[in-house]
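S.K.: Pasting a predicted model and its sequence here:
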Amino acid sequence: MEKQYRTTKIKSRICWFVALVLAFAALAAAVLPFFFMVINSFKGKFEMLTKGVFALPDQFNTGNYEEVLSGGFVRYFGNSVLVLCVSLLLILFISACAAYPLARFKFRLNGFIYATIVACMAIPIHITLIPVFQMTKSLKLYDSIGAMIGPDVAFALPISVFILTSFMAGIPKEIEESAEIDGCNKYRMFFTIMLPLAKPGLSTLAIYNGVNIWNEFSFAYTLTQSPKNRTLPLAVWDFQGQYSMNTPMIMAVLTLTVLPMIILFIFAQDKLVKGMTAGAVKG
């Protein structure tokens, strides 16, 4: 028994050691690129060439950030925030309205509609660029903020409805039955009971879709032309062309672009984890 206990203890220590090594490797893979980007954004134009890329700057020069912020970056940032907020509101509301009947009502076309929505998840975004471009031109929305909202919402809805339907299906039916006894109709039940109970799932969708919308490039590049209507991913593209020989300046643009999402994830990661696990167990 003692020998078996020692063997088990040694195996446990080895497993913990391997897990820690893999965890630190994953942490390094995630942190080092961001560290490289930030420290080089404070360097001078030629300082990055004369020293190692991971060397600290001689002095933390904020001139790169000042020039980027004065070069139209704020306009790109405002466009991204506007597209993000409007798109998320539409995605969460429409997906909730679609998920509720699919999860709680029994009707003839329930399975067919749900299967069709799930099948839409398999459609690649890039094969729709030309049809979406032509539709946008026909609706006279080309080169406008509204041109990007439609595709962002449309391609986020299938996965959102899929996740939210599974989440709402796990909410105990006894809650609805008690509300019906008290005279609550379906509309009131949806807005006052189901939506508050689905907050963890909605928070997960908001974070997941928010990151995708914030980083969306293909439709923003295809459906806009003038700088006044472009979003942050295109700011990186434009600044790259403007400062192609000034790598620290590009690093400053990248840092300002990814920083909002990193801050959001730091403060909202608990909601993301809760939302991913809340529907796993039916109570």
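M.R.: Received, thanks.
S.K.: In stretch 38-56, which residues are buried?
M.R.: 39, 40, 41, 42, 43, 44, 47, 48 (16 or more other C-beta atoms under 10 Å). For the C-beta atoms, the positions are set from N, CA and C on the backbone; glycine is no exception.
S.K.: quick one: which of those is nearest residue 101?
M.R.: residue 41 (49.2 Å; C-beta to C-beta).
S.K.: pLDDT score for the closest one?
M.R.: We have a pLDDT of 85 for residue 41.
S.K.: now swap in residue 168 and tell me
M.R.: 88.
S.K.: Quick check: it touching residue 195?
M.R.: No - using C-beta atoms under 8 Å as the test, residue 168 is too far from residue 195 to be in contact (9.8 Å).
S.K.: quick one, which of the two is more surrounded?
M.R.: The residue with more neighbours, out of residue 168 and residue 195, is residue 168; 22 against 17, by other C-beta atoms under 10 Å.
S.K.: Which other helices and strands does whichever strand or helix holds residue 74 contact?
M.R.: Using DSSP states H and E, residue 74 maps to helix 74-104. When contacts are defined as 3 or more C-beta pairs under 8 Å, 6 or more residues apart in numbering; DSSP states H and E, helix 74-104 sits against helix 110-119, helix 146-169, helix 199-214, helix 232-242.
S.K.: Comparing those helices, which yields the minimum mean pLDDT?
M.R.: Taking the mean pLDDT of the helices and strands packed on helix 74-104, helix 232-242 comes last: a mean of 74.
S.K.: Who are the packing partners of that one?
M.R.: helix 74-104, helix 218-223, helix 247-278.
S.K.: Out of those, which gets the lowest mean score?
M.R.: What stands lowest among these, in mean pLDDT terms, is helix 247-278, with a mean of 75.
S.K.: Can you give me the distance of residue 85 to residue 152?
M.R.: Distance, residue 85 to residue 152, by C-beta to C-beta, to the nearest Å: 11 Å.
S.K.: try residue 68
M.R.: 25 Å.
S.K.: got it, and residue 36?
M.R.: 30 Å.
S.K.: Name the residue in those two with the higher neighbour count.
M.R.: residue 152 (22 against 13).
S.K.: Leaving aside the residues adjacent along the chain, what's closest to the more buried one?
M.R.: residue 87 (4.4 Å; C-beta to C-beta, 6 or more residues apart in numbering).
S.K.: The one you found contacts residue 213, correct?
M.R.: Yes - the pair formed by residue 87 and residue 213 meets the contact definition of C-beta under 8 Å, at 5.3 Å.
S.K.: Now do the shared contacts for these two.
M.R.: 152, 156 (C-beta atoms under 8 Å, 6 or more residues apart in numbering).
S.K.: Identify the residues contacting the residue nearest to residue 152.
M.R.: So residue 87 contacts 148, 149, 152, 153, 156, 209, 213 (C-beta under 8 Å, 6+ apart).
S.K.: Nearest spatial neighbour of the residue nearest in space to the middle of the chain, chain-adjacent residues omitted?
M.R.: Centroid-nearest residue in the chain, with C-alpha atoms, centre = their mean: residue 211, separated by 2.0 Å. In space, and not counting its chain neighbours, residue 211 is closest to residue 261: 5.7 Å by C-beta to C-beta, 6+ apart.
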